[in-house]
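S.K.: what's the 3D shape of this:
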Amino acid sequence: MATIPIAGAPNGAELPAHAAESDEEEVLPIGGIEDELFEQEDEEDNEDEESGADEGEEWDVSSVFDEWLAQSTDPVVFGPEEDAVTAEEGRNLRDLLRRVGEARFIDETLHTGTYTAKKLLTAFGVRPPFFLEGSPDMAYLPFLGLVVTRDLRARQKLTEYNTLDDVVKLLKESSNIIVLTGAGISTSLGIPDFRSKGSGLYSRLEGLGLSDPQEVFDLDVFREDPTIFYSIAGRIIPTIDQISPTHAFIELLQRKNKLLTQYTQNIDNLEIKAGINPEKLIQCHGSFASASCVQCGHKVPGETIFPEMLKGIVPECEACLNRNANNGTSNNKVGKKRKRSKGSGSEKTSGDYRRKRYDESSDDDGGDDIPQAGVMKPDIIFFGEQLPATFNKRLVDHDRSRCDLFICIGTSLKVAPVSEIIGILPPHIPQIYISKTPVTHVNFDIELIGSCDDVVAELSRRAEWDLKHEMIPEDHDRIVKVELEEGTVSRWIFERHGEEKKSVAEEEGAGEE
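M.R.: Predicted structure coming up:
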């Protein structure tokens, strides 16, 4: 029987030819629907020269795969009406892939007709792409190939670690612990995370008229129009002096000489307030502790610009203003910026109006020849900026060879390159995950799902460590119940008594970076 190679699948995994219309061997396209997916829009493509794009350049089909996979990292709960495998069936299929390899896996599933490519995707926690609905099953093969490859490359769970006793033992015996933290460790203090639906910062920013709320933290957007960031900056200034029990737990690890390094994605600077030694702290996304001029680099303590930030005013660089004054020139307008390229007939939004207003105010009076003050920007890392050099240097040159335990707390691991720490550490290092929502794209050894504060309080109690914090009730052990999630061997659910259990779908993205 002739076979058809799966595009993107490793080692020549194939589908029997009876699934195709001919017996010829060919690399499958995306179900023969590229023309529908990638129709060229004449007006937009003709304008590509302005951005340096080659005329007539074709879309890279693999970019569709990459974008789709990038969106496939959330937990997926399949309804009874969906054509999906059961949870147990999915585990068995993933185990089969590990035991026999991709070629035989395809042989025993697709070739036998037991499963369709579409249904096999669900075994890996991935919902089939909506834009392929109604297409022949062969249309799903390139995506299945990529999912299989991703699963095979993923770190494998260490089977010897499963219980809370295992976690406590690891905490007691380890002396070089790396802790990676996200916004979930601060939400109990009232500091919003980024991605929670409804309450997260990005949800709150949807009314700004941006195509994507993340543009608020985009470096190019900031340089073009800093008023967008400063219109919301007052909402995210860290004005809280209190730390959470999770902050206190990490500081306790430090006091017990167990903390190797804390890598934090948070910008609230609460790690310093908790007492973490700056030499043991990598603020991956910067912090509000300082601010710098985007024009001359002049640096000031972050609190210097807080009053203007609270009022929604764009702060100007005092060094630039003084320099201009000494040179006999002055201008009370914020520095000149790049113009955003115009859209093609799209409806104007409030954000468009705000940018237009800023354009007009910056260009009035023919001020192009007058030196202007630069804009002060908090030293938080925007999209488009490099992470601090200390991140890679510390991780690769120092921590990688020393780490004996990795704990990930309060982050959904969606932002690279911080999310790639897991792949850089040796696979034999135990890895523990603590957060309100499980992640499906990483194989942690033990998952502790619930409030981060509740989890660390219970771990400290079981380890007989004295974790003192006003937010931890004295009867914590009677308030919080811990149960093994049904159908798993190492996912433990922490719930307050009387608290209504939420589904994974309801919890998705809750309290995370």
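S.K.: all helices for the stretch 401-513 of the chain, in order.
M.R.: Assigned by DSSP state H, counting those that start in this stretch, the stretch 401-513 of the chain shows helices spanning 421-424, 452-463, 476-479, 504-507.
S.K.: the helices in the stretch 101-250 of the chain, which residues?
M.R.: Going by DSSP H, counting those that start in this stretch, the stretch 101-250 of the chain shows helices at 117-122, 141-153, 164-173, 201-204, 219-224, 227-230, 233-236, 245-255.
S.K.: Could you check those and tell me which one is nearest Asn443?
M.R.: Across the helices of the stretch 101-250 of the chain, Asn443 has its closest neighbour in helix 141-153 (9.2 Å, C-beta to C-beta). C-beta coordinates here come from the backbone N, C-alpha and C atoms, glycine included.
S.K.: Who are the packing partners of the closest one?
M.R.: helix 61-70, helix 87-106, helix 117-122 (3 or more C-beta pairs under 8 Å, 6 or more residues apart in numbering; DSSP states H and E).
S.K.: Distance check, Pro473 against Lys436.
M.R.: 19 Å (C-beta to C-beta, to the nearest Å).
S.K.: Which one's more surrounded, these two?
M.R.: When Pro473 and Lys436 are compared on other C-beta atoms under 10 Å, the one with more neighbours turns out to be Lys436, at 24 against 11.
S.K.: Quick check: that one touching Ile449?
M.R.: Yes. Using C-beta atoms under 8 Å, Lys436 is in contact with Ile449, at 6.8 Å.
S.K.: Outline the domain layout of this protein.
M.R.: Under the TED database, the residue ranges defining each domain of the chain are 73-153, 164-191+243-285+387-496, 196-239+287-323+373-380.
S.K.: any chance of those in CSV, with mean pLDDT too?
M.R.: Shown next, in CSV, are the domains of the chain (pLDDT from 0 to 100):
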stretch, mean pLDDT
domain 73-153, 85
domain 164-191+243-285+387-496, 93
domain 196-239+287-323+373-380, 84
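S.K.: And the helices of the stretch 101-250 of the chain: which comes nearest Gly134?
M.R.: Gly134 sits nearest to helix 117-122 of all the helices of the stretch 101-250 of the chain, at 10.9 Å, using C-beta to C-beta.
S.K.: Any chance you could list what contacts the closest one?
M.R.: Contact with helix 117-122 is made by 15, 76, 78, 82-85, 90, 93, 109-110, 127-128, 132, 137-138, 140-141, 143-144, 147, as judged by C-beta atoms under 8 Å, 6 or more residues apart in numbering.
S.K.: just the buried members of the residues you listed?
M.R.: Buried subset of the contacts of helix 117-122 (neighbour count, 16 or more other C-beta atoms under 10 Å): 15, 76, 84-85, 90, 93, 109-110, 128, 132, 137-138, 140-141, 143-144, 147.
S.K.: Comparing the helices of the stretch 401-513 of the chain, which comes out most buried?
M.R.: With neighbours taken as mean count of other C-beta atoms under 10 Å, the helices of the stretch 401-513 of the chain reach their highest mean count in helix 452-463, at a mean of 22.
S.K.: residue ranges for the strands of this structure, please.
M.R.: Using DSSP state E, the strands found in the chain span residues 3-5, 14-16, 177-181, 259-264, 281-283, 286-293, 299-301, 376-380, 405-409, 431-435, 446-449, 480-484, 491-496.
S.K.: Tell me the strands beside the third one, with direction?
M.R.: Pointing back at strand 177-181 there. strand 259-264 (parallel), strand 405-409 (parallel) (DSSP bridges).
S.K.: The longest one too?
M.R.: Note on strand 286-293: by DSSP bridges, its sheet partners are strand 299-301 (antiparallel), strand 376-380 (antiparallel).
S.K.: could you dump those strands to JSON lines with distance to Tyr115 and mean neighbour count?
M.R.: Output for those, formatted as JSON lines (distance: least, C-beta to C-beta, whole Å; neighbours: other C-beta atoms under 10 Å):
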{"stretch": "strand 299-301", "distance to Tyr115": "59", "mean neighbour count": "14"}
{"stretch": "strand 376-380", "distance to Tyr115": "47", "mean neighbour count": "23"}
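S.K.: how about the ones you listed in a markdown table, adding distance to Arg104?
M.R.: Shown next, in a markdown table, are these (distance: least, C-beta to C-beta, whole Å):
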| stretch | distance to Arg104 |
| --- | --- |
| strand 299-301 | 59 |
| strand 376-380 | 49 |
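S.K.: if we compare these, which one ends up closest to Pro245?
M.R.: strand 376-380 (24.8 Å).
S.K.: I'd like the distance between Thr437 and Pro129.
M.R.: Taken as C-beta to C-beta, the span from Thr437 to Pro129 is 23 Å.
S.K.: no no, Lys414
M.R.: 19 Å.
S.K.: How about Asn322?
M.R.: Per C-beta to C-beta, Asn322 is found 57 Å from Pro129.
S.K.: again with Cys296
M.R.: 48 Å.
S.K.: Comparing the two, which residue is more hemmed in?
M.R.: Neighbour totals were compared for Cys296 and Pro129, and Pro129 leads with 20 against 13 (other C-beta under 10 Å).
S.K.: Quick check: the more buried one touching Leu144?
M.R.: No. Pro129 is beyond contact range of Leu144, at 10.9 Å (criterion: C-beta under 8 Å).
S.K.: now the spatially closest residue to Thr304 that is not a sequence neighbour, which residues is it bridged with?
M.R.: Leaving out its chain neighbours, the residue that sits closest to Thr304 by C-beta to C-beta, 6 or more residues apart in numbering is Ala291, at 6.8 Å. Beta-bridge pairing for Ala291 (DSSP bridges): Val300, Pro378.
S.K.: ok now do Ala291, which residues does it touch?
M.R.: Lys299, Val300, Pro301, Gly302, Thr304, Ile305, Pro315, Met376, Lys377, Pro378, Asp379.
S.K.: Just put the strands paired with strand 177-181 in a markdown table and tack on distance to Leu467 and mean neighbour count.
M.R.: Converted to a markdown table, these look like this (distance: least, C-beta to C-beta, whole Å; neighbours: other C-beta under 10 Å):
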| stretch | distance to Leu467 | mean neighbour count |
| --- | --- | --- |
| strand 259-264 | 14 | 23 |
| strand 405-409 | 14 | 24 |
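S.K.: okay if I get the ones you listed as CSV plus distance to Ala117?
M.R.: Converted to CSV, the strands paired with strand 177-181 look like this (distance: least, C-beta to C-beta, whole Å):
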stretch, distance to Ala117
strand 259-264, 38
strand 405-409, 32
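S.K.: wait, which of the ones you listed is closest to Phe249?
M.R.: When those are compared by C-beta to C-beta, strand 405-409 sits nearest Phe249, at 8.7 Å.
S.K.: so the closest one versus helix 164-173, what angle?
M.R.: Here strand 405-409 runs at an angle of 120 degrees relative to helix 164-173 (axes from the mean of the first three to the mean of the last three C-alpha atoms, to 10 degrees).
S.K.: Pull strand 405-409 out as CSV, backbone CA atoms only.
M.R.: C-alpha atoms of strand 405-409 as CSV (Å, rounded to 0.1, in the frame of the first residue of the first chain):
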residue,chain,number,x,y,z
LEU,A,405,15.3,21.8,42.6
PHE,A,406,13.2,24.1,40.5
ILE,A,407,9.9,25.6,41.7
CYS,A,408,7.6,27.6,39.4
ILE,A,409,5.0,29.7,41.2
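S.K.: Strand 431-435 and that strand, what's the angle between them?
M.R.: Using the same axes, to 10 degrees, strand 405-409 lies at 20 degrees relative to strand 431-435.
S.K.: which residues sit against strand 405-409?
M.R.: 170-171, 174, 176-182, 184-185, 246, 421-422, 425, 429-435, 444, 452, 456.
S.K.: Next: stretch 478-485.
M.R.: Identification of contacts with stretch 478-485 by C-beta under 8 Å, 6+ apart yields 164, 449-450, 454, 457-458, 473, 491-497.
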